[in-house]
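Q: sequence first, then the predicted structure, then my questions.
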Amino acid sequence: MQTPNFEIPTEMRDFAEKSVDQARNAVGTMMANAVKAAEQVQASGQTFQSTLSAAVVKGFDHAQTNANATFDFAQKLVRTKDLREAFELQSEFVRSQFAALQAQAKDYGALAQNAVAR
């Protein structure tokens, strides 16, 4: 018994070939976009991590600075001779700590701006 010879028309083969090429290109584009998106997520994660790390380091630096200033104040306070001198010292300490806190807030603001700008 002989099998009938079935031939696929040229137009149908051309159409199928174009469809496969288009599908290959579409999947390639999709994969390239997925890789770009993954790289952007990774870069964002690294930016966040480095910014957080810098903020933690700054936090420890500021905490050490503030602790030293407080100990210095306490040491000066116990050496005062009268109440007037103690009040003057306390006023000076409050002013300097307020200025220090403002400067520290600016540091954190600059960190946040840098993180957003990346």
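A: Structure's in. What do you need?
Q: going by C-alpha atoms from here, please, whenever you check contacts or count neighbours.
A: Fine.
Q: which helices and strands sit right next to the top helix by length along the chain?
A: Determined from DSSP state H, the single longest helix within the chain is helix 10-78. For helix 10-78, the elements it packs on are helix 83-117, judged by 3 or more C-alpha pairs under 8 Å, 6 or more residues apart in numbering; DSSP states H and E.
Q: kindly recompute the last result at 6 Å.
A: Helix 10-78 sits against no helix or strand, with contacts defined as 3 or more C-alpha pairs under 6 Å, 6 or more residues apart in numbering; DSSP states H and E.
Q: how far does it sit from the chain's center?
A: 7 Å (C-alpha atoms, centre = their mean, to the nearest Å).
Q: measure how it sits relative to helix 83-117, angle-wise.
A: 170 degrees (axes from the mean of the first three to the mean of the last three C-alpha atoms, to 10 degrees).
Q: for helix 10-78, what is the average pLDDT?
A: For helix 10-78, mean pLDDT rounds to 90.
Q: likewise for stretch 108-118?
A: The model assigns stretch 108-118 a mean pLDDT of 81.
Q: how about it: buried residues?
A: For stretch 108-118, the neighbour count (16 or more other C-alpha atoms under 10 Å) marks L111 as buried.
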